[in-house]
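S.K.: Any chance you can model this:
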Amino acid sequence: MARLDGKVALITGGASGMGKVASHLFAREGAKVVLTDVADDAGEAVATAIRGEGGQAAYVHADVSRASDAEAMVRFATDTFGGLTVLYNNAGVFPERDGSVTETPEEVWDLTIGINLKGVYLGCRYGIPAMIESGGGSIVNVASFVALMGAATPQIAYTASKGGVLSMTREIAVEFARQGVRANSLCPGPIETPLLQELLADPARRQRRLVHIPMGRFGQAEEIANAALFLASDESSYMTGTALVVDGGITAAYVTPE
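M.R.: Okay, the predicted model is just below:
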């Protein structure tokens, strides 16, 4: 039996990176997948590829920072597949101009908080009633290892947004536990995605990040998708309000070995 048989999963930011990998994985594990993004051609291509592999998937455009889009994506999921039992709030941004608190432009702050934090809030705001109506389910919110410790490289808006996701997830977990809705955070370390490759195109900047990772490498999108799959599935049925850290040992290290 597949691990997500009978579940309807809504995955934000599903057109690329970790969201794309998770969309394929969740569908292979039996979920009916609705993936969202603002990159419509890429999102439609992911859904088409999943259907070509024998899975069930549909794409819908959604800017997660807009309440109307968040409400519409949840409605689309319930109308298309009859309910909602997994909500994977994965969409996020990491603007290049995000740096020190004394230097980060206000518009960069607003953009980052709007997508990374408000987007999770809106997904939960509209997703939770649908999950309760469906008999319960699992919310997986993407935070970050920097929600647990200060970033070695200044990125104030991103760090603040992910800390907010962590705290919000705990509160949601407590409030809705007895209504059958679980909520957990996923805290990845640096993951080898197109976004990271672009941000760390400079070899020196890339090496400054690698030196802090005890395992000596960046994570792979598949490793995060597998962690999300565990949290989405009934295998984690007694977990709620916690943070699953998948970071190559960063948060465990005081001094990284040479």
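S.K.: what residue is smack in the middle of this structure?
M.R.: Asn90 (2.2 Å; CA atoms, centre = their mean).
S.K.: contacting residues for it?
M.R.: 11-14, 18-19, 22, 140, 142, 228 (CB atoms under 8 Å, 6 or more residues apart in numbering). (Each C-beta comes from the backbone N, C-alpha and C, glycine too.)
S.K.: Look up the pLDDT of Ala201 for me, please.
M.R.: The model reports Ala201 with a pLDDT of 70.
S.K.: how far away is the residue lying closest to Ser161 once chain neighbours are set aside from Gly163?
M.R.: Of all residues not flanking Ser161 in the chain, Asn116 sits nearest, at 3.6 Å (CB to CB, 6 or more residues apart in numbering). Distance, Asn116 to Gly163, using CB to CB, to the nearest Å: 10 Å.
S.K.: quick one: which of those two has more around it?
M.R.: Asn116 (26 against 16; other CB atoms under 10 Å).
S.K.: The more buried one against Tyr158, yeah?
M.R.: Yes: at 6.9 Å, Asn116 and Tyr158 qualify as touching, with contact defined as CB atoms under 8 Å.
S.K.: List the contacts of stretch 248-255.
M.R.: Contacts of stretch 248-255 (CB under 8 Å, 6+ apart): 145, 148-149, 187, 189, 212-219, 245.
S.K.: Thr102 and Ile113, how far apart?
M.R.: 17 Å.
S.K.: which of the two has more neighbours?
M.R.: Per other CB under 10 Å, whichever of Thr102 and Ile113 has more neighbours is Ile113, with 17 against 7.
S.K.: Thanks a lot, catch you later.
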